[in-house]
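K.L.:
Give the three-dimensional model of this entry:
(one chain, ligands or ions: 3)
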Amino acid sequence: MDSIGSLGLQQGEGAPSCPQEGLPCPSNSSEMVQECLQQFKVTGAQLRQIQTSLLGSMEQALRGQVGPAPAVRMLPTYVGSTPHGTEKGDFVVLELGATGASLRVLWVTLTGIEGHKVEPRSQEFVIPQEVMLGPGQQLFDFAARCLSEFLDVLPVDNQGLQLGFSFSFPCHQTGLDKSTLISWTKGFKCSDVEGQDVVQLLRDAIQRQGAYSIDVVAVVNDTVGTMMGCEPGVGPCEVGLVVDTGTNACYMEEARHVAVLDEDRGRVCISIEWGSFSDEGALGPVQTIFDHTLDHESLNPGAQRFEKMIGGLYLGELVRLVLVHLAQRGVLFGGHTSPVLRSQGSILLEHVAEMEEFLSVLRETVMLLAPNCDVSFIPSVDGGGRGVAMVTAVAARLAAHRRLLEETLAPFRLTREQLAEVQAQMREAMAKGLQGEASSLRMLPTYVRATPDGSERGDFLALDLGGTNFRVLLVRVTTGGVQISSQIYSIPECVAQGSGQQLFDHIVDCIVDFQQKQGLSGQSLPLGFTFSFPCRQMGLDQGILLNWTKGFNASDCEGQDVVCLLREAIRRRQAVELNVVAIVNDTVGTMMSCGYEDPHCEVGLIVGTGTNVCYMEELRNVASVDGDSGQMCINTEWGAFGDDGSLSMLSTRFDASVDQASINPGKQRFEKMISGMYLGEIVRHILLHLTSLGVLFRGQQTQRLQTRDIFKTKFLSEIESDSLALRQVRAILEDLGLPLTSDDALMVLEVCQAVSQRAAQLCGAGVAAVVEKIRENRGLEELTISVGVDGTLYKLHPHFSSLVAATVRELAPRCVVTFLQSEDGSGKGAALVTAVACRLAQRTRI
Ligand code: BG6
Ligand code: GLC
Ligand code: GLC
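P.N.:
Residues are numbered from 1 along each chain as shown. Ligands and ions are numbered 1, 2, ... in the order given. All right, here's what the predicted structure looks like:
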């Protein structure tokens with residue numbers, strides 16, 4: 001003990017008398033002292049009970065089962081690994097709350113070389129009592145002033161200073177640089193800080209102060225700083241223990257045990273916040289009347305009961321309470337107390353602590369209670385400052401990565417103005433295309449003039465070529481509705497990109513097979529052919545393929561009438577002559593199919609392998625078809641929008657790479673920004689770029705990522721599904737042969753979101769252009785219209801459809817647009833077009 005004199009007492013002063021009436025005079029002083037101190041003895045059995053109870057509380061909190069008053073909090077920090085030893089750089093560290101009423105600022109240099117240490121420079125500032133208990137802003141302003149004062153005398157420039165904030169109070173951390181104070185502990189009680197992000201409060205104060213530009217990169221608890229800064233002993237240091245003003249520990253926990261994390265691999269550092277451990281059953285028997293008094297008179301009665309039996313802030317106070325008690329009982333100081341002894345906080349930790357002894361008791365107790373663990377205790381040399389700097393180094397690297405990610409994705413985030421511009425350009429291109437002027441939109445007449453009226457009857461065959469699947473269908477249109485039987489056939493890539501003859505022979509083989517299976521051999525049913533490529537039609541049953549799109553590239557087909565190619569193949573195969581009545585684009589098939597249910601359906605939209613739109617246009621606007629009255633369905637072929645360079649402002653380097661690597665460079669530029677065949681490729685190119693920047697996959701290019709088309713639309717939809725946990729995202733990517741960390745998985749998810757959001761918005765801008773044109777054609781103030789939609793991307797992606805709808809609402813506010821998903825595919829629509837044609841033909845014959 002330092003000096004009893006400082007308490008205003010003299011040994012042996014005054015006569016030994018009993019100061020309080022009614023109290024028995026001590027018959028034997030040393031007996032009374034012993035009796036009093038006996039209360040502080042803890043038996044092995046009691047320690048074991050505390051150990052068991054604390055472990056139980058920890059496990060309960062990890063499982064997320066916390067009672068009304070949490071015994072321990074088990075707060076995940078954002079530290080996932082112990083230091084690599086390669087961290088380097090200069091960092092400012094600000095420590096608040098670790099050591100009593102003082103604040104420490106350090107300048108830490110990490111060399112990145114193991115064993116090579118540079119001594120940190122540091123300065124300590126005493127926090128005045130009124131600041132500890134005053135408004136929060138005052139405390140943070142004080143901290144910012146201390147920072148400036150410290151930096152003023154260092155030879156540093158005011159550029160790019162990176163700060164790690166050691167803030168040693170219970171906090172909910174939501175990021176390496178985001179942490180909300182749950183409640184003050186250890187003599188602090190500043191107003192307006194609980195529930196706030198302390199990093200933001202510090203940033204604001206530094207900005208108010210204005211002297212230095214400092215980036216607060218990470219926030220850590222003192223236990224974490226202690227663990228991270230520890231020189232590894234026999235093994236890595238995986239526990240951080242602080243017994244200072246307060247007490248707490250952190251340790252590396254398996255992530256799968258931490259319910260709130262939703263992560264099943266790896267580990268995470270957990271701050272136990274054991275100071276609040278307060279199990280009455282376990283702690284009750286070892287708590288003395290002095291512990292109760294101390295708690296009662298503290299700033300936070302009832303809270304931090306375990307800490308109040310261990311932390312330095314309280315040990316001196318406990319000694320003081322014992323001394324007052326013994327003095328009042330006449331055992332000490334001749335029964336006298338002094339005003340100083342009677343005042344709270346007059347005995348400090350340094351008056352009573354014997355650190356050596358503390359450490360050896362700690363070691364013995366751990367050995368006793370955890371005999372199977374070989375624990376080394378390594379005293380922290382610089383109070384955790386180095387550890388904080390290490391976390392800061394990691395955080396700084398991650399923040400730099402995030403900036404690079406944001407920069408990379410920025411061109412994908414389109415403003416309303418940009419989308420309105422796309423809409424306007426689309427309108428212009430539509431008008432020019434209809435007039436036969438040069439335009440990237442071909443605006444192809446389809447010779448479909450009316451939607452079904454319900455009087456159509458009969459059995460029809462349909463083919464559906466150009467999407468994910470090739471189908472042959474039998475469609476029966478009866479009074480009771482439409483019944484469909486169909487079969488999917490594959491078109492191998494070598495056939496899709498082989499010779500035209502091979503492709504059409506294959507198609508006829510599939511038809512023959514289907515007819516046999518359906519018992520239709522020998523019958524010549526009317527056939528509707530959904531052919532999802534741009535065709536110039538001169539009638540319903542004539543369609544000259546202008547160019548292949550998507551993955552098709554069969555030779556000798558472009559410039560040919562597809563119906564003729566099919567008929568020739570039938571002849572070659574000597575199959576039964578088929579009566580091909582109509583050739584129909586998939587957009588038209590979809591519109592017709594949905595139109596059978598809803599007469600308002602006058603637009604057909606496809607967002608699948610490719611993308612396209614058709615709609616009912618006024619015939620008077622269609623220059624290439626005679627006649628001025630009535631309407632005709634126009635296949636816009638909007639996939640080619642921008643092929644004249646008009647989208648170059650929006651096109652990113654990744655779009656350019658995808659385009660260049662495709663089988664039709666320079667073509668279908670709008671489609672390549674929107675549809676399922678390309679989105680995965682855009683994502684892959686972005687990931688390659690981020691890897692080359694070192695942001696992803698630790699900068700290591702994998703063979704898999706170099707593989708074209710590894711990302712299918714299906715993966716994008718799965719990855720972005722809300723119900724999917726990050727670990728499932730990681731599993732999907734690992735199945736693709738991409739081994740990644742949770743940080744990587746999160747970034748991949750963000751890349752997917754940016755790419756698919758842009759796709760949906762561009763698609764929405766296009767739909768807005770189309771419906772606005774229809775509204776203006778009809779001179780309506782407001783248009784109510786339905787859009788029939790099909791395509792795997794639109795149907796499977798969790799957010800695509802709602803983003804399209806939101807964009808249309810924004811850009812075409814005078815159109816009330818309903819989106820109808822086609823259930824039966826375009827084949828049904830092709831059959832209906834055929835049915836209408838047959839009905840009309842019959843009528844003409846009559
Ligand atoms: C289907 C049509 O419903 O949608 C196909 O029947 C069409 O012909 C397709 O091409 C578009 O979707 P995807 O995703 O298969 O290209
Ligand atoms: C208090 C704080 C805790 C800190 C400990 C040691 O218990 O709540 O966050 O780690 O003191 O300083
Ligand atoms: C491509 C085709 C187009 C089709 C679309 C959707 O863009 O050129 O005709 O409608 O894909 O399948």
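K.L.:
and the closest residue in space to Met592 that isn't next to it in sequence, which of the three is it?
P.N.:
Nearest non-adjacent residue to Met592, counting by Cβ to Cβ, 6 or more residues apart in numbering: Gly829, 3.6 Å away. From N, CA and C alone the C-beta is placed, and that goes for glycine too. Using DSSP: H, G, I helix; E, B strand; the rest coil, the structure places Gly829 in helix.
K.L.:
now do the one 10 residues further on
P.N.:
Taken by three-state DSSP, the conformation at Arg839 corresponds to helix.
K.L.:
Based on its surroundings, how many neighbours for it?
P.N.:
With neighbours defined by other Cβ atoms under 10 Å, the count for Arg839 comes to 17.
K.L.:
my guess is the residue nearest to Met592 meets Gly589, correct?
P.N.:
Yes - counting by Cβ atoms under 8 Å, Gly829 does reach Gly589; the two are 3.1 Å apart.
K.L.:
Give the residues shared as contacts by the two.
P.N.:
Contact criterion Cβ atoms under 8 Å, 6 or more residues apart in numbering; residues shared by Gly829 and Gly589: Gly528, Thr530, Gly604.
K.L.:
Select from those residues the one having the most neighbours.
P.N.:
Counting neighbours by other Cβ under 10 Å, Gly528 leads these with 34 neighbours.
K.L.:
Where does pLDDT dip in this structure?
P.N.:
Filtered on pLDDT under 70, the chain yields the residue ranges 1-27, 66-70, 84-85, 232-234, 265, 354-355, 383, 843-846.
K.L.:
Ligand 2 contacts on that one?
P.N.:
Within the chain, the residues that sit near ligand 2 (Cβ under 6 Å from any ligand atom) are 98, 168-170, 185-186, 221-223, 242, 244-248, 273, 275, 307.
K.L.:
In helices, which of those residues fall?
P.N.:
Using DSSP state H, the subset of the residues of the chain next to ligand 2 located in helices is Asp222, Thr223.
K.L.:
thinking again about what came up before, go through the shared contacts of Gly829 and Gly589 and say which is closest to Val93.
P.N.:
Gly604 (62.7 Å; Cβ to Cβ).
K.L.:
Quick check: phi and psi at that closest one.
P.N.:
Main-chain torsions, Gly604, degrees, to the nearest 10: phi -120, psi 130.
K.L.:
how far away is it from Gln516?
P.N.:
32 Å (Cβ to Cβ, to the nearest Å).
K.L.:
what do you get for Asp244?
P.N.:
85 Å.
K.L.:
neighbour-wise, which of the two wins?
P.N.:
Asp244 (20 against 10).
K.L.:
Now do stretch 767-782: everything it contacts.
P.N.:
By Cβ under 8 Å, 6+ apart, stretch 767-782 touches 423-424, 426-427, 430, 602-603, 605, 613, 615-618, 621, 636, 783, 785, 787, 804, 807-808, 810-812, 814-817.
K.L.:
Would you mind splitting this structure into its domains for me?
P.N.:
Using the TED database, the domain parsing of the chain gives 444-638+781-844, 648-778.
K.L.:
Out of the ones you listed, flag the one nearest Leu341.
P.N.:
domain 648-778 (55.4 Å).
K.L.:
Off-centre distance for that closest one?
P.N.:
Relative to its parent chain, domain 648-778 has a centroid offset of 16 Å by Cα atoms, centre = their mean, to the nearest Å.
K.L.:
ok, now how distant is the closest residue to ligand 2 within the stretch 601-750 of the chain from ligand 3?
P.N.:
Taking Cβ to the nearest ligand atom, ligand 2 has its nearest neighbour within the stretch 601-750 of the chain at Ser742, 24.8 Å off. Using Cβ to the nearest ligand atom, to the nearest Å, we find Ser742 at a distance of 37 Å from ligand 3.
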